[in-house]
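Novice: Quick one: sequence and predicted model below, then my questions.
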Amino acid sequence: QAQLVESGGGLVQSGGSLRLSCAASGFDLDGYAIAWFRQAPGKEREAVSCISSSDESTADSVKGRFTISRDDAKNTVYLQMNSLKPEDTAVYYCATDPFGACAGSKESTMTYWGQGTQVTVSS
């Protein structure tokens, strides 16, 4: 059974760091584009960052602070979040796009989704 499991969320003070993990089971991440999305209370879900074997993308709101990476041996994708701000507070989700490239990937093209992990940044 294909599954994505996020971990690493929590409560952190403004300026702090967290590293989120997205572990895949039941399928191989190789060949997929893997993206992180987030949804804050009362707001729509937004794309944060994406990685594939051919390209990467990062939202302007987190560029320079968040870094996406992948470990194919562990079938896991990471999101290193530094210099966190209260406006980064959200539930963070990872998702996969079988198209295989970040360019053109969007929420509607994602097939597998994780359950989400809460990130709360206090001021």
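Specialist: Everything's here; your move.

Novice: what about T117, neighbour count?
Specialist: 22 (other Cβ atoms under 10 Å). (Each C-beta comes from the backbone N, C-alpha and C, glycine too.)

Novice: if I look at it, how far off is P98?
Specialist: According to Cβ to Cβ, to the nearest Å, T117 and P98 sit 23 Å apart.

Novice: middle-most residue in the protein, spatially?
Specialist: Nearest residue to the geometric centre of the chain (Cα atoms, centre = their mean): W36, 2.2 Å.

Novice: for whichever strand or helix holds it, what is the average pLDDT?
Specialist: W36 belongs to strand 33-39 when assigned by DSSP states H and E. Mean per-residue pLDDT for strand 33-39: 98.

Novice: and it, C-alpha only, in CSV?
Specialist: Provided in CSV are the C-alpha atoms of strand 33-39 (Å, rounded to 0.1, in the frame of the first residue of the first chain):
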residue,chain,number,x,y,z
ALA,A,33,8.2,15.0,-8.3
ILE,A,34,7.8,15.4,-4.6
ALA,A,35,6.4,18.6,-3.2
TRP,A,36,5.7,20.2,0.1
PHE,A,37,2.5,22.2,0.6
ARG,A,38,1.2,24.0,3.6
GLN,A,39,-2.1,25.2,4.8
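
Novice: which residues are contacting that strand?
Specialist: Strand 33-39 is contacted from outside by 20, 22, 45-52, 68, 70, 77, 79, 88, 90-97, 99-102, 105, 107, 110, 116, 119, using Cβ atoms under 8 Å, 6 or more residues apart in numbering.

Novice: hmm, try it at 7 Å
Specialist: With contact meaning Cβ atoms under 7 Å, 6 or more residues apart in numbering, strand 33-39 is reached by 22, 45-52, 68, 70, 77, 79, 90-97, 99-102, 105, 107, 110.
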